[in-house]
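In: A structural model of the following input is requested.
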Amino acid sequence: MALQQVDIDFFNRGKVENPRYWGRFGGKPDFKNALVVDLGCGLGSLCIDIASSGARRVTGLDVNPYLIDFANENLKINYPQLVHTVEFRCEDLRETPEADIDYFVSKDTFEHVLELEQVLAEMKKRLKVGGHLYAGFGPLWNSPFGDHGRTKILLPWGHILFPERFLINWHNRLDTTKAASIHDLELNALPLAEYLRIFRSSGMTIVSLQVNASTRPVSRLFSLLRRTPSLAEYFSHNVYCILRKGGKQ
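Out: Numbering: from 1, shown residues only. Below you'll find the predicted structure:
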């Protein structure tokens, strides 16, 4: 496939976003000689970043074939030194043969995963003992723009003020891609409380968990407002979590 400039520009945004992503965990892990799987790898920027940090093998998984086609072509053209280290596959996690994984990473994906509890179970099964999952994602459904703009409701919190049927009808009026439910818009619509329950019941140790992990002024304001229990869901816009499978940290 020919690489489109709009995709190249989006990929290159990772050079700014990836350091910020790792910073919200307290720093990038030591990937030297590690086996890493990126769930929801998109155009592949995070995989290239990890491979360039000395990982032994990096596998990027995504269910969108267009994104995987770009990632593979971009790898071949612009990162030939990494073609034996990085592999991109259009594949469901449940189909992947990888095992004894040192790290799972996932950037801005968990808000789209419809069966998150089962996906975490698959990750745990494939992680080596002592292996880690780094997951950072947002905006969360109940935050001001938690619909990611996909319902076409442009008001803050507008997507939670109206019933789902109205949202879908509105979307279908304005978008050529038709939907029958919020899930068809690739959103799981999970509240923060459900993410926390899923993480706590995953059978893995929560090494760290941050809500509103950002130094931006609006995020700091949200963190103050969410201290009021009745407002917590509506002023929580992201989650950055590290889970560990048994063993020592």
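
In: so which bits of stretch 26-42 are buried?
Out: 29, 31, 34-42 (16 or more other CB atoms under 10 Å). From N, CA and C alone the C-beta is placed, and that goes for glycine too.

In: which residues are contacting that stretch?
Out: 22, 46-47, 50, 53-62, 64, 67-68, 71, 88, 93, 96, 98, 100-109, 112-113, 119, 123, 126, 132, 134, 208 (CB atoms under 8 Å, 6 or more residues apart in numbering).

In: state the mean pLDDT of the helix or strand containing Ile198.
Out: According to DSSP states H and E, Ile198 maps onto helix 192-200. Averaged over helix 192-200, pLDDT sits at 98.

In: repeat that for stretch 108-115.
Out: 96.

In: check stretch 219-232 too.
Out: On average, stretch 219-232 scores 96.

In: ok, Thr151 to Asn142 distance?
Out: Remark: distance between Thr151 and Asn142 (CB to CB, to the nearest Å) = 14 Å.

In: rewinding a little: between the buried residues of stretch 26-42, which is nearest Tyr234?
Out: Gly40 (25.2 Å; CB to CB).

In: skipping its backbone neighbours, what lies nearest the closest one in space?
Out: Distance criterion CB to CB, 6 or more residues apart in numbering; nearest residue to Gly40, sequence neighbours excluded, is Thr109 at 2.9 Å.

In: contact partners for the one you found?
Out: Contacts of Thr109 (CB under 8 Å, 6+ apart): 39-40, 135, 137.

In: restricted to helices, list these.
Out: Secondary structure from DSSP state H places none of these in helices.

In: which of the residues in the helix holding Ile198 are buried?
Out: Neighbour-count burial for helix 192-200 [16+ other CB under 10 Å]: 192, 195, 199.

In: re the thing from before, which of the contacts of stretch 26-42 are buried?
Out: 22, 46-47, 50, 53, 55, 57-62, 67-68, 71, 88, 93, 96, 98, 101-109, 112-113, 119, 123, 126, 132, 134.
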